[in-house]
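A.B. asks: Got a predicted structure here, sequence first:
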Amino acid sequence: MWEVAPGFRLLTSGSAHPVHGPWIAQVRPRVLAAGLDRGWLAELIGPCGYVPDFLTPAPAGPAPGPAAERDAIAATPAARVRRDLDHLAAHQGHLGPRLTALHADPAARLPRLVEEIEAYWELALAPYWARIRAVLDADVLHRARTAAEHGTGHLFDSLHTSVRWDADTLRLVRRKRDMPRRSAGTGLLLIPSVFTGPGPRTQVRPPEPPQLAYPARGTGALWERRPAAGAGALAPVLGRSRTLLLIELEAPASTTGLARRTGLSPAAVSQCLTALRGAGLVSAHRSGRCVLYARTAAAETLLGAAAG
């Protein structure tokens, strides 16, 4: 969920971005066509400022699935939803009609919000998740090694220029309120994010541990096109058509789009995608009336090995 809010804000802002431009160009038309720029998320996530804390529940483990996080949102106590919405109203000056209804009856309206979050996930994040997750996992491994080799203080100092470890105090530039141990909850959750930025964001919601979301290392190269050199070595194993489709799935695409770009018939594309999906190399994600296909992490590893 730490990717949902900043990613949605970026998409609906209408502005360009030096890193996420390719993703915006592909996803923004789908989000607008689905009307998500006029729904629940649009009222909850403004162009700047506060985002209600209940949208980013504390994860139950190191890698929670999207369904688990949506379930956590759906189970948010009514008092907490209302408290967050009151805080949002103080920032924005008012609540829109959907949020007014959510404030009046959280139990009845939260399922509608969760449905929209799921729709956004399928359109904007699921087709790209293998690539995003690879960046997040690499960041976690790098931070773990940094802590093991140089200590926790060096880990904090390396997160961002606005984060500094000073003796026994973690200092964050421009954070308006302190987070004393006795009132902030136990521990500290560090959450890498490809869409959070340019600086880190914090959330303090006792008794849960405080959360610190920071820009993940390697985000700058997230959408760069990757060379397909050496992928020809896969053709004798996978077949020429299936290898071609894997290469073309640098960005998620529909059967029709793949057929148009490769010259294969739609029936041949569909047959190959079914085989690739069965082998765990391709995933399918519904986008309105069509289905987008995307490479999985296994496919990225396979192509990388062939190119290496």
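C.D. replies: Received, thanks. Numbers count the residues shown, from 1 in each chain.
A.B. asks: How is the protein partitioned into domains?
C.D. replies: 4-127, 131-221, 231-307 (automatic domain parsing).
A.B. asks: Those domains into a markdown table, with extra columns for mean pLDDT and mean neighbour count?
C.D. replies: For every residue, glycine as well, the C-beta is placed using N, CA and C. Output for these, formatted as a markdown table (pLDDT from 0 to 100; neighbours: other C-beta atoms under 10 Å):
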| stretch | mean pLDDT | mean neighbour count |
| --- | --- | --- |
| domain 4-127 | 92 | 17 |
| domain 131-221 | 86 | 16 |
| domain 231-307 | 87 | 17 |
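A.B. asks: Dump stretch 298-308 to CSV, restricted to CA.
C.D. replies: What follows is stretch 298-308, C-alpha atoms only, in CSV (Å, rounded to 0.1, in the frame of the first residue of the first chain):
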residue,chain,number,x,y,z
ALA,A,298,11.0,-15.9,-13.3
ALA,A,299,10.9,-14.6,-16.8
GLU,A,300,13.1,-11.6,-15.9
THR,A,301,15.7,-14.0,-14.4
LEU,A,302,15.6,-16.3,-17.4
LEU,A,303,16.1,-13.4,-19.9
GLY,A,304,18.9,-12.0,-17.7
ALA,A,305,20.7,-15.4,-17.6
ALA,A,306,20.4,-15.7,-21.4
ALA,A,307,21.8,-12.2,-21.9
GLY,A,308,24.6,-12.8,-19.4
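A.B. asks: Let the chain start at 221 from now.
C.D. replies: Okay, residue one is now 221; in that scheme the one you just asked about reads as stretch 518-528.
A.B. asks: who's in contact with Ala294?
C.D. replies: Contact analysis of Ala294 by C-beta atoms under 8 Å, 6 or more residues apart in numbering lists Leu330, Pro331, Val334.
A.B. asks: what helix or strand does the closest residue in space to Ser485 that isn't next to it in sequence sit in?
C.D. replies: Excluding its sequence neighbours, the residue lying closest to Ser485 (C-beta to C-beta, 6 or more residues apart in numbering) is Ala479, at 6.4 Å. Using DSSP states H and E, Ala479 maps to helix 475-482.
A.B. asks: what separates that helix from the chain centre, distance-wise?
C.D. replies: How far helix 475-482 lies from its chain's middle: 27 Å, per C-alpha atoms, centre = their mean, to the nearest Å.
A.B. asks: packing partners for whatever helix or strand comes next after it?
C.D. replies: Proceeding N to C from helix 475-482, the next assigned helix or strand is helix 486-498, under DSSP H and E. Counting contacts by 3 or more C-beta pairs under 8 Å, 6 or more residues apart in numbering; DSSP states H and E, helix 486-498 is packed against helix 460-468, helix 475-482, strand 502-507.
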